[in-house]
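Colleague: generate coordinates for the sequence data below:
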Amino acid sequence: MTSSPSKADLRRHFRQLRSRHLPPLQQWLDRGAPGLDHPLLQPRSPGAPGEGAVGLAWPLAGEPDLRGWLQASGLPLALPAVAEERLRYRPWRPGQSLVADACGIPAPPATAGDLDPHQLALLLIPALAIDQRGVRLGYGGGWYDRLRADPAWRRRPALAVLPEACVVAELPRDPWDVPLDGWISERGFRQLAARP
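Modeller: Presented below is the predicted three-dimensional model:
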């Protein structure tokens, strides 16, 4: 009987797989994600009324860079910041000065103010892999799961953004894992069935 791979083994595997398959996804994003059909990601004129900010992540090595695509959309944006042992979102505008958060990742400073869940329309979350149930394989810090354990944050739609090659049938799920609502890949948007 063979044992299932550990999450550490899966992270190594999917980090390499994502790196190999990232270029087509990045090229599609850089072209404005043509054909993407998601109501909260439709471009709009600067200053037009909106449904709230789109939360994206500052891209780390090997992750898709969503900044150019989303900046061109005219949507209000927010970046995550880890401070005082929790992840929060802060408003962000292109060109705004950033500081390293508690994880060393560029983020808006505390003076930008923390956003409440109702001020975000959508969370776009980095992932190494996702399964058909919405279970996400992240880096193991648990920041997004802890954030989304709060029912107010859980009500915000959350999608992984990753190459289609990193979408699998099933990943191991721990009790604290909070599934996402779908994903975006170079094939477009996939919405999972609504949960009760």
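Colleague: whichever strand or helix holds Ala78: partners in the sheet, and parallel or antiparallel?
Modeller: Applying DSSP states H and E as the criterion places Ala78 in strand 77-83. Each strand that pairs with strand 77-83, with its direction, by DSSP bridges: strand 53-55 (parallel), strand 86-92 (antiparallel).
Colleague: and Leu123, which of the ones you listed is closest to it?
Modeller: With CB to CB as the criterion, Leu123 lies closest to strand 53-55 of these, at 4.4 Å. Quick note: C-beta positions are derived from backbone N, CA and C, even for glycine.
Colleague: outside of the closest one, which residues touch it?
Modeller: For strand 53-55, contacts defined as CB atoms under 8 Å, 6 or more residues apart in numbering pick out 40-41, 70, 75-80, 89, 91, 115, 119-124, 156.
Colleague: centre of the chain to the strand holding Ala78, how far?
Modeller: 11 Å (CA atoms, centre = their mean, to the nearest Å).
Colleague: for stretch 132-152, same thing?
Modeller: 10 Å.
Colleague: straight-line length of it, end to end?
Modeller: Stretch 132-152 has an end-to-end distance of 24 Å (CA to CA, to the nearest Å).
Colleague: report the buried residues of it.
Modeller: Going by neighbour count (16 or more other CB atoms under 10 Å), the buried part of stretch 132-152 is 133-138, 143-145, 147-148.
Colleague: the helix or strand harbouring Pro23 packs against which elements?
Modeller: Take DSSP H and E as the rule and Pro23 turns out to sit in helix 7-30. Contacts defined by 3 or more CB pairs under 8 Å, 6 or more residues apart in numbering; DSSP states H and E place helix 7-30 against helix 67-73, strand 129-131, strand 136-137.
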